[in-house]
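Novice: Give the three-dimensional model of this entry:
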Amino acid sequence: MKSLDINVVRSHFPALAHSDILFDNAGGSAVLRQVAERISSYLLTSSVQTGATYRDSVIAQERVFEARKAIASLINAPHDQEVVMGGSTTLLLHLACEAIGQTIEPGDEIIVTNVDHEANVGPWLNLAKHGAVIKFWNVNPESFELELEELQNLLTEKTRWVSVTHASNILGSVTPVAKIAQLVHGAGAKLCVDGVAYAPHRLVDVQASGADMYVYSFYKTFGPHFAVLWCDGELFAGLPSLNHYFIGKDVMPYKLQPGNVNYELSYGCMGIVDYLLSIAEELGCSGSPREMMQAAFDAFESHENELTEKLLHYLNGRDDVRIIGEKSVQGGRRLPTVSFVVKGRMSKDIVDAVDCYGIGIRYGDFYAKRLIEELDLNKQNGVVRISMAHYNSLDELNQLTEALEKVLA
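Specialist: This is a model prediction of the structure:
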């Protein structure tokens, strides 16, 4: 198999040719040409209401269904009817929790973490109004780990749901969700996984994850501002409908898609699959679509690991820098999202200075405010975060470290 050609990769992302160097990818990735072309094609050739019998409506409906099948393939969902599309991860989790709330009995327990983005915390906290008891699974502030032993101590026969991130958008660490799923299911509970920070760097497999519900956003994975939620079919069938009264709870996925999906964005998301298959072909791979997408992500991971290790080596070499998260990519549990603070410096000041070099990085809590508060980093404006993607080059990283060397001098 050939190695990843970064120039070929970057040719699929038109914005990279005329933008700042983008190291804020965890906030939002560059968008694929294939995605924009599909959105444009839908709007310019088939933007009519679906569900009618005339030709253009039939074509529009076929495109929307085709998109749902493609996304089901992308995340390895057993059935495309288990795939819910919507405006954002936050919105989809609020909708899911609104439905779940109707099944909650007083005293039922929900476990959330203080590591997650608030999108996967706040909607669950709202279930307290139905009588749910909320428990927090807190990170070890020294190791930055969510310890499985602590989860076991929290699980009881009353636990109904556990909600956890697949990867922290600050720590950059991958959570062992399959092991968590075993513990959760052993207690008779269900598991919800937020894959927003994981999906840009690893091929999502909802079945292998062990999750009962899995959600992430496409604008973090090279697509439009849109999102997907997968729900296990049996669980999904038992949830009440949030749609019109005549759309019953047996009508999936529409019962969690009030107002229906955005047609053009759904169709645009197919461009992500187009791209992955194209990269696999460029690498000389063949096989099933799933195997080819995995080959593309394997190549992405190898390149990202090289970038991440180089950045960590630079930061580890500075006495004034404290990395918030694992200090090496060894072990495969570290993604290319790297956060740090600098002794005696405000994170905002560092980012403002780097801006002058035409390099986009970011500071703050990134909506994982509970984690920043737990680590007592508010007083420094949170962390400086450098979040890379597979289309970033070694030359760009060298420019970043050169800028940091001047800013931190």
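Novice: Just to check, residue 226 is in contact with residue 218?
Specialist: Yes - contact status for residue 226 versus residue 218: in contact at 4.8 Å, counting by C-beta atoms under 8 Å. Yep, even glycine has a C-beta here, placed from its N, CA and C like the rest.
Novice: Give the residues shared as contacts by these two.
Specialist: When contacts are counted by C-beta atoms under 8 Å, 6 or more residues apart in numbering, residue 226 and residue 218 are jointly contacted by 265, 269.
Novice: of the two, who's got more company?
Specialist: When residue 226 and residue 218 are compared for neighbours, residue 218 comes out ahead with 28 against 21, by other C-beta atoms under 10 Å.
Novice: which residues sit in contact with the more buried one?
Specialist: Taking C-beta under 8 Å, 6+ apart as the test, what residue 218 contacts is 224-228, 265, 269, 272.
Novice: same thing with residue 2?
Specialist: Contact analysis of residue 2 by C-beta under 8 Å, 6+ apart lists 282-284.
Novice: Would you list the buried entries among the residues you listed?
Specialist: With burial judged by 16 or more other C-beta atoms under 10 Å, the buried subset of the contacts of residue 2 is residue 283.
Novice: Just the ones of the contacts of residue 2 in helices?
Specialist: Using DSSP state H, the subset of the contacts of residue 2 located in helices is residue 282.
Novice: Mind putting the contacts of residue 2 into JSON lines with pLDDT and distance to residue 124?
Specialist: Output for those, formatted as JSON lines (pLDDT from 0 to 100; distance: C-beta to C-beta, whole Å):
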{"residue": "282", "pLDDT": "97", "distance to residue 124": "42"}
{"residue": "283", "pLDDT": "97", "distance to residue 124": "40"}
{"residue": "284", "pLDDT": "97", "distance to residue 124": "45"}
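Novice: so who does residue 394 touch?
Specialist: Shown in contact with residue 394 (C-beta under 8 Å, 6+ apart): 306-307, 310.
Novice: which stretches of this protein form helices?
Specialist: Assignment of helices within the chain using DSSP H yields the ranges 6-11, 33-45, 55-75, 89-101, 122-125, 148-154, 177-186, 206-209, 233-238, 263-282, 289-316, 347-355, 369-374, 394-407.
Novice: nearest to residue 340, of the contacts of residue 2?
Specialist: Taking C-beta to C-beta as the measure, residue 340 lies nearest residue 283 of the contacts of residue 2, at 32.9 Å.
Novice: Surely that closest one touches residue 276?
Specialist: No - between residue 283 and residue 276 no contact is recorded; they are 10.7 Å apart, counting by C-beta under 8 Å.
Novice: who touches both of those two?
Specialist: Contact criterion C-beta under 8 Å, 6+ apart; residues shared by residue 283 and residue 276: residue 296.
Novice: how far away is the residue lying farthest from the centre of the chain from residue 46?
Specialist: When each C-alpha in the chain is compared with the mean C-alpha position (C-alpha atoms, centre = their mean), residue 54 comes out farthest, at 38.0 Å. Counting by C-beta to C-beta, to the nearest Å, the separation of residue 54 from residue 46 is 12 Å.
Novice: Residue 409 too?
Specialist: Relative to residue 46, residue 409 is positioned 56 Å away (C-beta to C-beta).
Novice: just residue 268 next, same as before
Specialist: Look at residue 268 and residue 46: by C-beta to C-beta, they are 12 Å apart.
Novice: Among these two, which residue is more densely surrounded?
Specialist: A direct count of neighbours by other C-beta under 10 Å for residue 268 and residue 46 places residue 268 higher, at 27 against 21.
Novice: Residue 33 is in contact with the more buried one, correct?
Specialist: No - the pair residue 268 and residue 33 does not pass the contact test of C-beta under 8 Å, sitting 11.1 Å apart.
Novice: Nearest spatial neighbour of the residue minimising distance to the centre of the chain, chain-adjacent residues omitted?
Specialist: Centroid check for the chain by C-alpha atoms, centre = their mean gives residue 196 as the closest residue, at 1.1 Å. On the basis of C-beta to C-beta, 6 or more residues apart in numbering, the spatially nearest residue to residue 196 that is not a chain neighbour turns out to be residue 216, at 4.6 Å.
Novice: Confirm for me that the one you found is in contact with residue 228.
Specialist: Yes - taking C-beta under 8 Å as the definition, residue 216 is a contact partner of residue 228 at 6.5 Å.
Novice: Looking at those two, which one has more neighbours?
Specialist: Per other C-beta under 10 Å, whichever of residue 216 and residue 228 has more neighbours is residue 228, with 29 against 24.
Novice: In the sheet, which residues pair with that one? Tell me.
Specialist: Under the criterion DSSP bridges, residue 228 forms beta bridges with residue 85, residue 216.
Novice: Give me the pLDDT for it.
Specialist: Reading off the confidence values, residue 228 has pLDDT 98.
Novice: got it, and residue 124?
Specialist: Looking at residue 124, its pLDDT is 98.
Novice: now residue 18
Specialist: Among the per-residue scores, residue 18 shows a pLDDT of 84.
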